[in-house]
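My questions are about this predicted structure, shown below with the sequence.
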Amino acid sequence: MTYRMIFNQTGYFGRGSIANIPHEINKRGITKAFIVTDPALVNNGTVTRITDLLNEANIAWDVFSDVVPNPPVEKVQAGLSAFRESGAEILIGLGGGSPQDTCKAISVIATNPEFGDVLSLEGLSPTSKPGVPIIGVPTTAGTASETTINYVITDTTNQRKFVCVDPHDIPVVAVVDPDLMDGMPRSLKVATGLDALTHAIEGYITPGAWELSDALCLKSIQMIAANLRAAADGDRDAVEQMGLAAYINGMAYSNVGLGLVHGMAHPLGGRYDAPHGLANGILLAKVMAFNADYTGEKYRDIAAAFGVEGAHTMPLDEARQAAVDAVAQLTVDLGNPTTISEIGVTEDGIAGLTEDAFADVCTPGNPRPVTREDIEAIYRSLM
């Protein structure tokens with residue numbers, strides 16, 4: 001068996017680490033940057049924190065701030081047009097998953113213009129050239145887009161989200177600065193934290209997992225279990241730990257894949273505009289229970305990470321149930337929705353969700369083989 005792992009060339013971590021951005025631009029001989037972000041980060045001054053650094057270093061810049069949640073094809077195309085007009089030579093993806101994903105799509109299409117429809121990038125994207133260099137600067141502790149080879153775009157015409165997997169889109173530099181994460185609303189800290197937990201658990205139990213990805217995912221699960229509640233309530237040290245935990249599991253899941261939680265969450269975003277992490281939180285414990293018999297001893301480790309006493313000595317079925325229960329309790333404690341009806345799903349929408357989830361690129365990474373009937377049953381159980 002041969003395993004492949006693709007990581008950033010450089011990563012910076014810790015409070016104040018955005019100060020390294022000008023150096024990374026200057027050493028490449030680049031004189032203009034293009035920032036991809038969203039309106040909220042313009043309004044709260046986060047973008048200014050980056051542009052002030054660029055100004056001090058005499059680096060010119062433009063900003064595209066028209067990114068929206070669950071970014072659609074049309075926003076990618078608008079951002080690409082603005083980037084081309086700017087004359088910039090490097091991209092800065094500033095924000096959560098939506099700005100980062102939009103930035104990645106702009107990057108790869110800019111150097112592979114034959115994919116300008118965006119839709120043709122779905123799945124294992126067949127691009128031939130590396131994208132425009134990206135500096136990934138997350139403001140949430142969840143998606144880890146700053147270190148992955150994946151991005152997700154919404155096809156609004158068909159009300160579906162699609163995943164693109166492409167080594168050409170990985171940021172050359174990641175800057176994980178928790179100073180940019182402290183001001184997240186509690187609801188966003190919860191949703192992005194549950195997204196990070198889902199990445200870590202699915203990356204740990206997917207059939208493609210191996211020793212290196214296991215080490216990264218298990219450490220991330222331990223960190224999230226210890227810090228997500230406190231981070232949601234504003235603890236600065238916990239926020240910093242969550243930012244690092246998300247990055248750590250991003251290095252793993254990006255290379256080994258995800259599973260049914262993501263396969264079922266993507267349609268909830270595409271059809272009902274549900275925030276991705278929120279959708280993952282609704283699904284995670286239920287899908288973990290569905291997968292339990294196909295995970296070997298790994299749920300013992302998850303239970304132990306959540307502080308379950310005797311996790312490594314109790315009967316295996318009890319350890320598996322304890323892991324599921326611990327994740328379910330965390331979701332409740334955080335106040336995340338626990339049913340899909342809370343985000344607008346009705347009985348007549350389940351058939352479409354089921355078809356989209358069955359076809360999603362993440363679903364084959366599930367440890368338990370899954371049928372349409374299985375997916376429909378899980379959705380119905382969450383009504």
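Done, it's in. Residues are numbered from 1 along each chain as shown.

what sits up against stretch 116-131?
73, 76-77, 80, 104-105, 107-112, 114-115, 153, 155, 162-166, 168-169, 361 (C-beta atoms under 8 Å, 6 or more residues apart in numbering). C-betas here are computed from N, CA, C, even on glycine.

So which of those residues belong to strands?
When DSSP state E is applied, the contacts of stretch 116-131 are split such that 153, 155, 162-165 fall in strands.

ok, and the closest non-adjacent residue to A289?
Counting by C-beta to C-beta, 6 or more residues apart in numbering, V324 is the residue found nearest to A289 once chain neighbours are left out, at 4.9 Å.

For V73, see how far away that neighbour is.
Per C-beta to C-beta, to the nearest Å, V324 is found 37 Å from V73.

do the same with R236
Separation of R236 from V73 (C-beta to C-beta): 38 Å.

So between these two, which is more surrounded?
Under the criterion of other C-beta atoms under 10 Å, the comparison of R236 against V73 puts V73 first, with 18 against 14.

And the more buried one, what's its pLDDT?
Looking at V73, its pLDDT is 96.

what's the answer for V36, then?
pLDDT, V36: 98.

now swap in R28 and tell me
Reading off the model, R28 has pLDDT 97.

Can you give the domain ranges for the chain?
10-180, 186-381 (the TED database).

where do the strands sit along the stretch 101-250 of the chain?
According to DSSP state E, counting those that start in this stretch, the stretch 101-250 of the chain carries its strands in the segments 123-124, 134-138, 150-155, 160-165, 173-176.

Mean neighbour count, those: which tops it?
Comparing those by mean neighbour count (mean count of other C-beta atoms under 10 Å), strand 134-138 comes out on top with a mean of 28.

Who does that strand pair with, and is each partner parallel or antiparallel?
strand 90-95 (parallel), strand 173-176 (parallel) (DSSP bridges).

Export those strands as a markdown table, with columns for distance to R320 and mean pLDDT.
Formatted as a markdown table, those follow (distance: least, C-beta to C-beta, whole Å; pLDDT from 0 to 100):
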| stretch | distance to R320 | mean pLDDT |
| --- | --- | --- |
| strand 90-95 | 37 | 98 |
| strand 173-176 | 33 | 98 |
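
any chance of those in a markdown table, with distance to T371 too?
Formatted as a markdown table, these follow (distance: least, C-beta to C-beta, whole Å):
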| stretch | distance to T371 |
| --- | --- |
| strand 90-95 | 37 |
| strand 173-176 | 38 |
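
Select, from the ones in strands among the contacts of stretch 116-131, the two members most distant in space.
D155 and V165 (16.3 Å; C-beta to C-beta).

which residue sits closest to D233, ignoring its sequence neighbours?
Leaving aside its sequence neighbours, D233 sits nearest to R186 (C-beta to C-beta, 6+ apart; 7.3 Å).

Tell me the pLDDT of that neighbour.
With respect to pLDDT, R186 has a value of 96.

For the most centrally placed residue in the chain, list the residues it contacts.
Nearest to the geometric centre of the chain sits T143, at 2.2 Å (C-alpha atoms, centre = their mean). Applying C-beta under 8 Å, 6+ apart to T143 gives the contacts 96-97, 100-101, 192, 195-196, 199, 246, 250, 276.

again with A60
Contacts of A60 by C-beta under 8 Å, 6+ apart are 31-33, 54, 88.

For those, give me JSON lines that also has secondary structure.
Shown next, in JSON lines, are the contacts of A60 (DSSP: H, G, I helix; E, B strand; the rest coil):
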{"residue": "T31", "secondary structure": "coil"}
{"residue": "K32", "secondary structure": "strand"}
{"residue": "A33", "secondary structure": "strand"}
{"residue": "L54", "secondary structure": "helix"}
{"residue": "A88", "secondary structure": "coil"}
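
will you turn the residues you listed into a markdown table that also has neighbour count?
Formatted as a markdown table, these follow (neighbours: other C-beta atoms under 10 Å):
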| residue | neighbour count |
| --- | --- |
| T31 | 14 |
| K32 | 15 |
| A33 | 24 |
| L54 | 18 |
| A88 | 22 |
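
Just give the number of residues close to P130.
Residues near P130, counting by other C-beta under 10 Å, number 16.
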